[in-house]
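Undergrad: Sequence first, then the predicted structure, then my questions.
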Amino acid sequence: DAKTTQPNSMESNEEEPVHLPCNHSTISGTDYIHWYRQLPSQGPEYVIHGLTSNVNNRMASLAIAEDRKSSTLILHRATLRDAAVYYCILRRSGGSNYKLTFGKGTLLTVNP
Amino acid sequence: GAGVSQTPSNKVTEKGKYVELRCDPISGHTALYWYRQSLGQGPEFLIYFQGTGAADDSGLPNDRFFAVRPEGSVSTLKIQRTERGDSAVYLCASSLIGTSRQGNEQFFGPGTRLTVL
């Protein structure tokens, strides 16, 4: 399975945008890019996913590089509630993609 | 609606004892997963159920670990002869179906924190 690389930690101020990077240089053409986050003392929750085009939903935006070797999760206005570990995960189309393979993720700290 | 629930939320046991951890998935979700999360690490896959059957148990660390889902809903993770190294948060997740083109969104419970003394 292709690997992802994320910074261990990032810091942001409340109400400012946050850009969380993820490198996946060995991504294959059929890999979808998924993001989950885990708030303190909770299970992970789905944030967003995409294949090639940029994606927006109520939680965040996902910007995918043209060569697909990297992506960026964008929180437009960080709140204290966004403080969490963010995981970037590749999921191959079909096959055994039921399994989520988590790395260590990026710990986001949001300062008031 | 109700999310995934797990009981107990905390379990403290002694080395060598047997434990059972329970997961109630979201109603109607046919796929159920167990993951284990050690301190400072991301969750690690243990087992995947599609309906009543374990479609993939490749993540179970050894034969002390076993999981069932007899009626295709509630699942129980069973650990025999617990060891200190089994201490972790055990997470359960469910999804509408298992495999799809894009990968289905998994809904996680809050986890059971297991401590083996």
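TA: Looks like it arrived, so ask away. Numbering: from 1, shown residues only, chains lettered A, B, ... in the order given.
Undergrad: From here on, just use CA atoms for contacts and neighbour counts.
TA: OK.
Undergrad: Tell me who's in contact with A:Thr26.
TA: By Cα atoms under 8 Å, 6 or more residues apart in numbering or on different chains, the contact set of A:Thr26 is A:Ala2, A:Lys3, A:Lys69.
Undergrad: shouldn't the second one be in contact with A:Asp31?
TA: No. Using Cα atoms under 8 Å, A:Lys3 is not in contact with A:Asp31, being 11.0 Å away.
Undergrad: shared neighbours of these two, which are they?
TA: Shared contacts of A:Lys3 and A:Asp31, defined by Cα under 8 Å, 6+ apart, comprise A:Leu90.
Undergrad: Show me which of the two is the more surrounded one.
TA: Neighbour count, other Cα atoms under 10 Å in any protein chain shown: between A:Lys3 and A:Asp31, A:Asp31 has more, with 24 against 15.
Undergrad: residues contacting that one?
TA: Neighbouring residues of A:Asp31 by Cα under 8 Å, 6+ apart: A:Leu51, A:Leu90, A:Arg91, A:Arg92, A:Ser93.
Undergrad: ok, now which ones touch the fourth one?
TA: For A:Arg92, the contacting residues are A:Thr30, A:Asp31, A:Tyr32, B:Gln102, B:Gly103, taking Cα under 8 Å, 6+ apart as the criterion.
Undergrad: cool, the third one as well?
TA: By Cα under 8 Å, 6+ apart, A:Arg91 lies in contact with A:Asp31, A:Tyr32, A:Ile33, A:His34, A:Asn97, A:Leu100, B:Gln102, B:Gly103.
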